[in-house]
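Peer 1: Curious how this folds, go ahead:
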Amino acid sequence: MGRQHWKKIWVGSAGNMVEWFDWFVYASFATYFAGAFFPSGNPTAQLMNTAGIFAVGFFMRPVGGWLLGRVGDRKGRKAALTLTVTLMSASAILIAIAPTYAVAGYGGALVLLVARLLQGLSVGGEYAASATYLTEASDPSRRGFASSFQYVSMTAGQIVGLGLQIILQRTMSDSALHSYGWRIPFVVGALGAAVVFYLRRSMLETEVYEEDTSHAEERGTLRALWQHRREAFLVIALTMGGTVAYYTYTTYLTKYLSNSAGLSKETATLVSFTALIVFACLQPLAGALSDRIGRRPLLITFAVGSTFLTVPIMTLLKRAGSYWPALGLALLALVVVTGYTSINACVKAELFPTGVRALGVALPYAIANALFGGTAEYVALWFKKAGIESGFYWYVAGCAAVSLVVYVAMRETKDLDLARVRDRTDSSLTTAS
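Peer 2: Model prediction:
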């Protein structure tokens, strides 16, 4: 991979890291600010309220996927990536200055909701723009390796967020964190977004996009996407199991370890932090492996492991009791999830032609995340509140089983030429003329 390719990957990944830092610190700091925006009472109920707002952000992702996917296909990957980080910066600032329940009643929760809606718009487009950009910018024989940096950067954003949380936990009192300390990461996120905005203004467009000869008026349209509806539904189905498992073992893990397993918040945070560092390092290795043996073997391995290991892993995690057992189980879970996360970006991008690639990845992926990924934490807390927490374990395993069927039936995409993926819309227009 040449220097120019590495530059493209770096700029795309750096922005993705800041996007997901902001996205995930909401989840990781929710235990500190849940009581700030809602009346005092049951801590689980407060977390359910903040988790509900977290889920609302996911339901804006299809809108963001459509709007920003359209921008990415019509104006270029660079334009979409610059716009996403602008929206994310605005949302981080809103959360940082949101008034508490004691000051403005539910007005603070309303500001929090607006910020999450903006984040949903931003991330809805960021995933697809980043996945498309990283896949198109790489050498054809190393697309799996290059696109794996999407989850490296996503995970790096969460690692930085958790690292900041650990620092704040050790330098501030618990009361200070609940009072105002939770605002600090959102200020950091806004500043980071400003830096990435500057970087993305000078980023290079991908050659695949610049050389695309499809009809300009059809790029990024729902009409064009409808011509590839089979691939769109395939993206939803193959995302289902992966996104539920990913959010279970990343954003929800810290809360699960502290609320259900009985670990202290500090220990739970350290477990997640350590496990995610290893997880990030695994992504390029698995991506490179997919360039050799194909995407399907890794996806199938993930789905089989997640289907049969989720229930025992979650059951044992609840009884872990201390740092090392919890870390070992978390690492086992994340090794399994790597089969999905390391390559799902390039698999989805490889399914669509250039003129509809960003929208084709963005919209169906965002729909799947709204239905499954964004609600995973809320579903978990619902089962816990209902007194049948183990039901959530079976839910995660069931979602993985559905995706397993899809992985077994789908075609291999490793050797497809991105510039020659058949554009049915273009063909139909040519025939009509």
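
Peer 1: After the helix or strand that residue 82 is a member of, which helix or strand is next?
Peer 2: Taking DSSP states H and E as the criterion, the element that holds residue 82 is helix 77-97. Beyond helix 77-97 in the direction of the C-terminus, DSSP H and E gives the next helix or strand as helix 101-104.

Peer 1: mind listing what's buried in that following helix?
Peer 2: residue 101 (16 or more other Cβ atoms under 10 Å). Bear in mind the C-beta positions are built from the backbone N, C-alpha and C, glycine included.

Peer 1: rewinding a little: and the helix holding residue 82, how far out from the chain middle?
Peer 2: Here helix 77-97 is found 15 Å from its chain centre; the criterion is Cα atoms, centre = their mean, to the nearest Å.

Peer 1: That helix - contacts with which helices or strands?
Peer 2: helix 3-28, helix 61-74, helix 107-137, helix 184-201 (3 or more Cβ pairs under 8 Å, 6 or more residues apart in numbering; DSSP states H and E).

Peer 1: That one: which residues count as buried?
Peer 2: 77-96.

Peer 1: Please apply the same query to stretch 315-330.
Peer 2: Under 16+ other Cβ under 10 Å, the buried positions of stretch 315-330 are 317-318, 320, 323, 326-327, 329-330.

Peer 1: which residues are contacting stretch 192-212?
Peer 2: With Cβ atoms under 8 Å, 6 or more residues apart in numbering as the test, stretch 192-212 has contacts from 4, 7-8, 11-12, 14-15, 18-19, 21-22, 76-78, 81-82, 85-86, 88-89, 92, 133, 136-137, 219, 354-355, 418-419.

Peer 1: cutoff 7 Å now
Peer 2: The contact list for stretch 192-212 (Cβ atoms under 7 Å, 6 or more residues apart in numbering) reads 8, 11, 14-15, 18, 21, 76-78, 81-82, 85-86, 88-89, 92, 133, 136-137, 354-355, 418-419.

Peer 1: Go ahead and measure how far it is from the middle of the chain.
Peer 2: On Cα atoms, centre = their mean, the centre of stretch 192-212 falls 20 Å from the chain's centre.

Peer 1: taking the mean pLDDT, what do you get for it?
Peer 2: Model confidence over stretch 192-212 averages 85 on the pLDDT scale.

Peer 1: For that stretch, measure first residue to last.
Peer 2: 33 Å (Cα to Cα, to the nearest Å).

Peer 1: Now that stretch: buried residues?
Peer 2: 192-193, 196-197, 199-200, 203, 206, 208-209, 212.

Peer 1: could the residues you listed be laid out in CSV, adding distance to residue 288?
Peer 2: Formatted as CSV, these follow (distance: Cβ to Cβ, whole Å):
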residue, distance to residue 288
192, 28
193, 30
196, 26
197, 31
199, 26
200, 26
203, 24
206, 21
208, 21
209, 25
212, 27
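
Peer 1: Among these, pick out the one closest to residue 178, please.
Peer 2: Residue 178 has its nearest neighbour among these in residue 192, at 24.0 Å by Cβ to Cβ.

Peer 1: related to what we said a few turns ago, and the contacts of the helix holding residue 82?
Peer 2: So helix 77-97 is contacted by 12, 15, 18-19, 22, 68, 71-72, 111-112, 114-115, 118-119, 121-122, 125-126, 129-130, 132-133, 183, 186-187, 189-190, 193-194, 196-197, 200-201, 203, 205-206, 209, 358 (Cβ under 7 Å, 6+ apart).

Peer 1: picking up where we left off before, right, and the helices and strands packed on helix 77-97 - which one's nearest residue 259?
Peer 2: Nearest of these (Cβ to Cβ): helix 3-28, 13.3 Å.

Peer 1: if we can go back for a sec, now the helix holding residue 82: mean pLDDT?
Peer 2: 90.

Peer 1: so that helix versus helix 3-28, what angle?
Peer 2: 30 degrees (axes from the mean of the first three to the mean of the last three Cα atoms, to 10 degrees).

Peer 1: Could you list the low-pLDDT ranges of this protein?
Peer 2: 1-2, 39-48, 54, 422-433 (pLDDT under 70).

Peer 1: and residue 180, how many neighbours does it have?
Peer 2: 14 (other Cβ atoms under 10 Å).

Peer 1: Kindly report the same for the one 4 residues further on.
Peer 2: Residue 184 has 18 neighbours, counted by other Cβ under 10 Å.

Peer 1: My guess is it contacts residue 168. True?
Peer 2: Yes. Between residue 184 and residue 168 there is a contact at 6.4 Å, judged by Cβ atoms under 7 Å.

Peer 1: Counting neighbours, what do you get for residue 173?
Peer 2: Residue 173: 10 neighbours (other Cβ under 10 Å).

Peer 1: I misspoke; the intended subject was residue 405.
Peer 2: Residue 405: 12 neighbours (other Cβ under 10 Å).

Peer 1: now for the helix or strand containing it, which elements pack on it?
Peer 2: Assigned by DSSP H and E, residue 405 falls within helix 390-409. In terms of contacts (3 or more Cβ pairs under 7 Å, 6 or more residues apart in numbering; DSSP states H and E), helix 390-409 is packed against helix 229-249, helix 296-318, helix 376-385.
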